[in-house]
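Enquirer: Take a look and give me a structure for this.
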Amino acid sequence: MENKAKSKRKMILSVLIMVVFVVGKLYISYEKNRLPDGLSDTDSVLTYLGENKKSYDQISMTSAISQLSAGNSELQDQTKNSPVIFIMENKKTGRYVFKYKSHFVYLVKEITDFYDDGSYKYIYFVTGIKKDSDGKQYVKELNAKNYDDSNAKETSGYSITEYNNYYSKDFD
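Expert: Numbers count the residues shown, from 1 in each chain. Prediction:
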């Protein structure tokens, strides 16, 4: 009798473990598929940003201010030629789409200042993966100190020179 009770408990425990595992897998699958796919690589995202005036203006203004605020020419060269634009990857999905407020967006990190000690200052901005229903592109600069970036992973970066030469459309 005691053996039957032990056997029954083991079976119930095994079933519970399997249920938890299956529910966990379903949840992960749901989380991954809850966001739209968006573009599949950072080059495509950067091209998309460069072809849309609001995001183009955001990157151009930030880089221009950064280059002006870099005191010496070595820091100006670093700001212009080092990787300073990073398309962030969503750790949960492995893609580049995030949800910010009610928008599906690409998250971009842009370095604004390099310091002599090797540290740097940066901003985040988001841009909608497509135009809103009003026909406008959603672009918003975020406060990097207050934004929770724990779900974001930095990808390989792009310099301002690379951005201007290969990814941006000249709107002038």
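
Enquirer: Neighbours of Phe21, how many?
Expert: Residues near Phe21, counting by other Cβ atoms under 10 Å, number 10. For every residue, glycine as well, the C-beta is placed using N, CA and C.

Enquirer: residue contacts, Thr42?
Expert: Neighbouring residues of Thr42 by Cβ atoms under 8 Å, 6 or more residues apart in numbering: Ile87, Tyr96, Thr155, Ser156, Tyr158.

Enquirer: what separates it from Lys153, distance-wise?
Expert: 12 Å (Cβ to Cβ, to the nearest Å).

Enquirer: Ok, Val97 next?
Expert: 13 Å.

Enquirer: Name the residues contacting each of the two.
Expert: In contact with both Val97 and Lys153: Asn90, using Cβ under 8 Å, 6+ apart.

Enquirer: In terms of neighbours, single out the busier of these two.
Expert: Legend: neighbour count by other Cβ under 10 Å for Val97 and Lys153, higher for Val97 (19 against 12).

Enquirer: I figured the more buried one was touching His103, is that so?
Expert: No. If you go by Cβ atoms under 8 Å, Val97 and His103 don't touch, sitting 10.3 Å apart.

Enquirer: tell me, what's touching the two both at once?
Expert: With contacts taken as Cβ under 8 Å, 6+ apart, Val97 and His103 have no neighbour in common.

Enquirer: Tell me the buried residues within the contacts of Thr42.
Expert: The neighbour-count test (16 or more other Cβ atoms under 10 Å) marks Ile87, Tyr96, Thr155, Tyr158 as buried among the contacts of Thr42.
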